[in-house]
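> When you get a sec, could you give me coordinates for this:
(chains A and B)
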Amino acid sequence: MTVLSQQIPAGTWRADKVHSTVGFAVKHSGVATFRGSFSDYDGTLTVVGDGEPQLTGVVSAASIDVRDDNLAGHLQSPDFFDVERTPEIRFTSTAFRPADDGSLIVDGELTIKGQTRQVEARGTITPAHEGLAGNLVAGIQLETVIDRTAFGLNWNAPLPSGGVALANDVKLIVDLELGRQED
Amino acid sequence: MRVLAISGSLRHDSHNTHLLRAAAELLPPEMELEIWDGLKAVPPYNPDDDGEIAPEGAEALRDAIAGADALLIATPEYNHSIPGQLKNALDWVSRPFHQCVLRNKPAAVIGASTGMFGAVWAQAEVRKVLSAAGARVIDRELPVGQAHLVLDRDGPLDPELAARLGELLYALRSEVDARTLVGAAA
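Numbering: from 1, shown residues only, chains lettered A, B, ... in the order given. Have a look, this model is predicted:
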């Protein structure tokens, strides 16, 4: 039994896009944590008995939601995600393993702007139980911190008194409500 | 493949306009270059005037850029920066920001000045403005210093300068080609 299959029964689990969140947080102006999210994505968890589970995700970079059309336009531009040329952000897990404190570690390959990097995300599993519609639901919450410049998102601007407008470290936050797909 | 060329100088005998005419003689195959001459008619940017339809001079520039595959700007340098009329025109075409005509538009910047440095700072600033508006800016410069001596109106460009300008135009064409491939794959 794997760390995950003890808590989530075998099957194909899909993210409920209404009740899930795929977001990010980054320090802005050196003072505040700016948060945004993506509204269009697919997330699938495949659990196969004793085999290695796999979590995959595809996010439409153009669906970035930052509550301002002009800012979204800049984030979609070649300065950031370049959504015309690289419209998708992708994640494929390579391993699920327990951390020393009992929490979950998910290793995987993250592709942003055509650049693929290994990442280690940490989080928790909420074991499966029956949802409102009588179907099985489960939760996975994961976070990891990436250096956005490793993916070619290099834009920045100097602040008048020193420092830069945007931190390079970005926390990615994925909170998925997963529903098991019936055969 | 149409390139819209804009000279940042309004002067009739502008070195930068002459540089664009020279560029027109060095184009890669299947590339056409049109020198846009409406810069003087673009009014001062005022958000109050920028409704569904912009003033005629600004609307003409937006239409011209929207209809072109790429943008080539030749800028002089005033006080180490962009000439006001050129910056003003770029301000018009960068609005509304999230769907402006510069978004994803391949663009290159060149420049000439009578000083030693060939408008190199103005070129950097034009690239910065274009990038901020979401254009695909070629990351190279072409500073032509002492333009009154280097640019001979009656003769060909200096071969080294012509080679560098030709390389820049090929880089611009490559950016358009890459965009076309993306569009075809989508």
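
> can you tell me which residues contact the residue of chain A most remote from its centre?
Distance from the centre of chain A peaks at residue A:161, with 33.7 Å (CA atoms, centre = their mean). By CB atoms under 8 Å, 6 or more residues apart in numbering or on different chains, no residues touch residue A:161. Yep, even glycine has a C-beta here, placed from its N, CA and C like the rest.

> part of a strand, is it?
No. Per DSSP: H, G, I helix; E, B strand; the rest coil, residue A:161 lies outside any strand segment and is coil.

> and chain A, which residues reach chain B?
A:69-70, A:72-74, A:76-79, A:84-85, A:87 (CB under 8 Å from any CB of the partner chain).

> any weak-confidence spans in chain B?
Along chain B, the parts satisfying pLDDT under 70 run over B:185-186.

> which residue is nearest the centroid of it?
By CA atoms, centre = their mean, the most central residue of chain B is residue B:73, 1.5 Å off.

> Quick check: the gap between that residue and residue B:172.
With distances taken as CB to CB, to the nearest Å, residue B:73 is found 11 Å from residue B:172.

> all helices for chain B, in order.
Secondary structure of chain B by DSSP state H: the helices cover B:15-24, B:56-66, B:84-93, B:120-132, B:147-150, B:159-185.

> Which strands and helices lie in contact with the last one?
Just to be clear, that refers to helix B:159-185. helix B:15-24, strand B:70-75, strand B:106-112 (3 or more CB pairs under 8 Å, 6 or more residues apart in numbering or on different chains; DSSP states H and E).

> elements contacting the second one?
Strand B:70-75 sits against strand B:2-7, helix B:15-24, strand B:106-112, helix B:120-132, helix B:159-185, with contacts defined as 3+ CB pairs under 8 Å, 6+ apart.

> Sheet-wise, list the partners of it with their directions.
In the sheet, strand B:70-75 lines up against strand B:2-7 (parallel), strand B:106-112 (parallel) (DSSP bridges).

> Tell me which of the helices and strands packed on strand B:70-75 is the most buried.
strand B:106-112 (a mean of 28; mean count of other CB atoms under 10 Å in any protein chain shown).

> returning to what we had before: backbone phi and psi for the residue farthest from the centre of chain A, please?
Main-chain torsions, residue A:161, degrees, to the nearest 10: phi -100, psi 20.

> can you check residue B:138 too?
Per degrees, to the nearest 10, the backbone of residue B:138 is at phi -70, psi 130.

> Ok, the one 3 residues further on next?
Backbone geometry at residue B:141, expressed as degrees, to the nearest 10, gives phi -120, psi 160.

> Next, the angle from the helix or strand bottoming out on mean pLDDT in chain A to helix B:120-132.
Using mean pLDDT, DSSP states H and E, helix A:69-76 stands out as the lowest-scoring helix or strand of chain A, at a mean of 92. Here the directions of helix A:69-76 and helix B:120-132 differ by 110 degrees (axes from the mean of the first three to the mean of the last three CA atoms, to 10 degrees).

> who does helix A:69-76 touch, helix- and strand-wise?
strand A:64-65.

> ok, and what's touching the strand it packs on?
Taking CB under 8 Å, 6+ apart as the rule, strand A:64-65 contacts A:36-39, A:72, A:75-76, A:81.

> give me that answer again for 10 Å
For strand A:64-65, the surrounding residues in contact (CB atoms under 10 Å, 6 or more residues apart in numbering or on different chains) are A:23-24, A:36-40, A:71-73, A:75-76, A:80-81, A:83, A:89.

> Equivalent analysis for stretch B:152-163, please.
Contacts of stretch B:152-163 (CB under 10 Å, 6+ apart): B:13, B:15, B:18-19, B:21-23, B:25-26, B:142, B:144, B:150-151, B:164-166.
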